[in-house]
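Undergrad: From the sequence below, what's the structure:
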Amino acid sequence: MAEPIRVLIADDHLIIRQGLRLILETEAGFDLVGEAADGAEAIRLCAELHPDVVLMDLRMPGMDGLTAIERLHTSHPEMGVVILTTFNEDDLMMRGLRAGAKGYLLKDTNREMLFSTLRAAARGETLLNQGVMDRVLAQVDQADSPVEAASTLTAREQEVLAAVARGERSKEIAALLGISERTVKAHLASIYSKLGVDSRAGAIAVAAQRGLLLHE
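TA: I've put the predicted structure just below:
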């Protein structure tokens, strides 16, 4: 039997933490290992408790969620961070994804999407619901030329990137393109290097800003 996914919650509102605790306790396969009221506490607890996934609010007193995500991505890159916020703001969403978050959920999300996103993050995958994906695709930085940006990626890398944007896992991408998972990972490493990112979510965010996903 698989080990439960270890989850840490970072949110300054006690009632939110209590609600999430109740939700996680009713679903098999999850273990709530800690709660933090701000970003600094979240970083400290992550170092002590080593959760698989952190549910991170963005706006908290003291150290905010964005800063905490950036620091965790540097100090604990193996941990998946999922943003869970009340703020439906595109700028925050893009900054969070570029900082290394593997998901972006609003606090009115349903249980199924919450669980699916946590499981994906624990696997090291990025999962964005269609509403968030649509907003990412709308965030095009007109200062970047789509043609010039696209020319830095090979045709196969663009295929891998498109599959990543659809939320497909490495195993699924390999099967789709008829290549090995190892080759998929090599393409991802090249994509990350060319786009100046180090995560799937970051690649999606940057690619959207440069117009690389508009044709999808």
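Undergrad: Which of the helices or strands spans G167?
TA: Secondary structure assignment for G167, by DSSP states H and E: no helix or strand.
Undergrad: so what's it up against?
TA: Applying CB atoms under 8 Å, 6 or more residues apart in numbering to G167 gives the contacts A120, E125, T126, L127, L128, M133. All C-beta spots, glycine's among them, are computed from the backbone N, C-alpha and C.
Undergrad: likewise G34?
TA: G34 neighbours (CB under 8 Å, 6+ apart): L8, I9, L45, E48, L49, P51.
Undergrad: Then S180?
TA: Per CB under 8 Å, 6+ apart, neighbours of S180: A174.
Undergrad: Do you know the pLDDT at it?
TA: At S180, the predicted lDDT confidence score is 92.
Undergrad: returning to that earlier point: quick one: which of the contacts of G167 is nearest K102?
TA: Using CB to CB, T126 comes nearest to K102 of these, at 4.7 Å.
Undergrad: farthest-separated two in the contacts of G34?
TA: Top of the distance list for the contacts of G34 (CB to CB): I9 and E48, 14.7 Å.
Undergrad: Those two: which is more packed in?
TA: I9 (26 against 11; other CB atoms under 10 Å).
Undergrad: and A174, that one's in a strand?
TA: No: counting by DSSP: H, G, I helix; E, B strand; the rest coil, A174 is not part of a strand but helix.
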